[in-house]
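1. I'll drop the sequence and a predicted model, then ask my questions.
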Amino acid sequence: MHRDVMPIERIPDWEQRLARQDAFWSREIIDRPVVCITVPKRDSDYPYPAERPYASLRERWMDAGRAAEVALATAMNTEYLGDALPHAYPNLGPEVFSAFFGCELEFGEETSWSVPILDDWSQVDKVRFSEDNVYWRKILEITDALLAAGKGKFYTGITDLHPGADAIAAFRDPMRLNFDMVERPEQVKSLLRYVTDVYLRVYDCYHDKLRAARQPICTWAGIVSTKRWLVPSNDFSCMISPRMFRDVFLESIAEECRHYEAALYHLDGPGALKHLDALLEIPELTAIQWVYGEGNGRASDWLEVYTKCQAAGKGLQIGLAPDELDLFMESLRPEGVWLSVHGVREREQADAVIARVSGWTGRGRYRH
């Protein structure tokens, strides 16, 4: 079925797992909804790489060999249950796309952040993508290292890309961009056009590179699929009105969705919920990943968001605990649901969860 995809040696049903995840995008079910669970492997003797001396955090982040060794050790020390498949992606932090245009990255222990470069709109010509950019070349180097280390062991994905408003906010600084939305909307739109054009080429480069290496497409969001897909987002949208969002950014998000076969929108935080109606109007937007955020309850506290998305014909990626399953199985249709079940520590518990999901055939409260 997936002869053009590299097998994962220790997962005999890898093709079936891929098929279920491919079917998710069409809101179809082969035999049950997608359910992904990972647990630490018992008695694993595969060693993690020894700590190396680095002159700086930047040097550690930029070590492609270390990234590949950590990815392989993580894959070998983890059990992938249900439909979970081992995967890794090249990671220099969430603002690396902005760094491709000239922003410098500063590195912390767990993440990185970019330094704004657009102090004044008269300097907009300095915001330029280049294939000679050190971060562009480093992501490709890490991708190659992951592909080499992962053969038969894990899939290699696409780095975390934030084009659109988030890229411009990184160039400009979010607070300045807030003023620009009122004072210079046409200049924002012009830069957005350039950033979007570059992004579509960047995506094609990564997609084609991975498919040539017999990889499915995956990234930080956990879905592993042969479809041409990725994760549109606009975290900056929390800071602007629905009217501004529609006027300036909605079309670029729709254009991004049209560039894929499938798209999972990352809706980040309660401040972004005011834009959900606009997003649900995009025909090519396939599914929603609702991230309610730390301190804002659990998935089951936001059931109305999930039911609204499903009623609009969108798929759902849902992260939940085992004790929340019954509510979702009673309230939603199983078609177009991708579940990540967290808080599972033992294989026996995971098997019980998968058995429960396998019985999810009811229609729930939502009707077509």
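-> Nice, I can see it. Everything numeric in this text was worked out from a predicted model, so none of it was measured. Numbering: from 1, shown residues only.
2. the strands in the protein, which residues?
-> Across the chain, reading from the start of the chain, the strands by DSSP state E fall at 34-40, 78-82, 87-88, 104-107, 112-115, 155-156, 229-230, 262-268, 287-291, 315-320, 337-341.
3. for residue 300, find the nearest of those.
-> With respect to residue 300, and counting by C-beta to C-beta, the nearest of the strands of the chain is strand 315-320 at 7.0 Å. Glycine gets a C-beta too; all of them are placed from N, C-alpha and C.
4. partners of that closest one in the sheet?
-> strand 287-291 (parallel), strand 337-341 (parallel) (DSSP bridges).
5. possible to save these as CSV with distance to residue 63?
-> Converted to CSV, the strands paired with strand 315-320 look like this (distance: least, C-beta to C-beta, whole Å):
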stretch, distance to residue 63
strand 287-291, 30
strand 337-341, 29
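6. that older thread, okay, the strands of the chain, which one's buried deepest?
-> Mean neighbour count (mean count of other C-beta atoms under 10 Å) peaks for strand 155-156 among the strands of the chain, with a mean of 26.
7. what about that one, distance to the chain center?
-> When distances are taken as C-alpha atoms, centre = their mean, to the nearest Å, strand 155-156 is centred 14 Å away from the chain's centroid.
8. how about stretch 8-26, which residues are buried there?
-> Of the residues in stretch 8-26, those with enough neighbours to count as buried (16 or more other C-beta atoms under 10 Å) are 8, 14, 17, 18, 19, 20, 21, 22, 23, 24, 25.
9. out of the strands of the chain, nearest to residue 327?
-> Nearest to residue 327, of the strands of the chain and by C-beta to C-beta, is strand 315-320 at 8.9 Å.
10. residues in contact with the closest one: which ones?
-> Residues from elsewhere that reach strand 315-320 (C-beta atoms under 8 Å, 6 or more residues apart in numbering): 24-25, 27, 221-223, 264, 286-290, 298-300, 306, 309-310, 328, 332, 336-342.
11. returning to that earlier point: kindly reformat the buried residues of stretch 8-26 as TSV containing pLDDT.
-> Listed next are the buried residues of stretch 8-26 as TSV, based on pLDDT from 0 to 100:
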residue	pLDDT
8	97
14	98
17	98
18	98
19	97
20	98
21	98
22	98
23	97
24	98
25	98
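12. out of these, which sit inside helices?
-> Cross-referencing the buried residues of stretch 8-26 against helices under DSSP state H gives 14, 17, 18, 19, 20, 21, 22, 23, 24, 25.
13. what sits against the last one?
-> Just to be clear, that refers to residue 25. Taking C-beta under 8 Å, 6+ apart, one finds 225, 227, 229, 261, 262, 286, 287, 315 in contact with residue 25.
14. about what we covered before: what's the closest of the buried residues of stretch 8-26 to residue 155?
-> So of the buried residues of stretch 8-26, ranked by how close each gets to residue 155 (C-beta to C-beta), first place is residue 8, at 7.5 Å.
15. quick one: that closest one from residue 20, how far?
-> Using C-beta to C-beta, to the nearest Å, we find residue 8 at a distance of 15 Å from residue 20.
16. then residue 28?
-> As defined by C-beta to C-beta, residue 28 lies at a distance of 9 Å from residue 20.
17. and residue 350, by the same measure?
-> Relative to residue 20, residue 350 is positioned 16 Å away (C-beta to C-beta).
18. over to residue 213?
-> Summarising the geometry, the distance separating residue 213 from residue 20, computed by C-beta to C-beta, is 23 Å.
19. got the contact list for residue 90?
-> Contact analysis of residue 90 by C-beta under 8 Å, 6+ apart lists 67, 139, 142, 143, 146, 156, 159.
20. filter these down to the ones in helices?
-> When helices are assigned by DSSP H, the members of these inside them are 67, 139, 142, 143, 146.
21. rebuild those as TSV, extending it with neighbour count, pLDDT and distance to residue 359.
-> Shown next, in TSV, are the ones in helices among the contacts of residue 90 (neighbours: other C-beta atoms under 10 Å; pLDDT from 0 to 100; distance: C-beta to C-beta, whole Å):
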residue	neighbour count	pLDDT	distance to residue 359
67	25	98	40
139	25	98	43
142	26	98	42
143	24	98	40
146	26	98	37
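22. now do residue 116: how many residues are near it, please.
-> Burial of residue 116 is recorded as 16 neighbouring residues (other C-beta atoms under 10 Å).
23. please apply the same query to residue 239.
-> Residue 239 is flanked by 16 other residues according to other C-beta under 10 Å.
24. and if you look at residue 109?
-> 7.
25. in contact with it, which residues?
-> By C-beta under 8 Å, 6+ apart, the contact list for residue 109 reads residue 57.
26. spell out which residues make up each domain of this structure.
-> Following automatic domain parsing, the chain resolves into domains at 1-41+223-368, 50-76+86-215.
27. can you give me the neighbour number for the nearest residue to residue 72 once chain neighbours are set aside?
-> Using C-beta to C-beta, 6 or more residues apart in numbering and skipping the chain neighbours, the partner closest in space to residue 72 is residue 149 (4.7 Å). A count of nearby residues for residue 149, using other C-beta under 10 Å, gives 21.
28. touching, residue 149 and residue 71? I think so.
-> Yes - when contacts are counted by C-beta atoms under 8 Å, residue 149 is listed as touching residue 71 (6.4 Å).
29. what sits against residue 6?
-> 151, 152, 155, 213, 214, 215.
30. now do residue 224
-> If a contact means C-beta under 8 Å, 6+ apart, then residue 224 has 17, 18, 21, 85, 87, 155, 157, 216, 217, 218 as its contacts.
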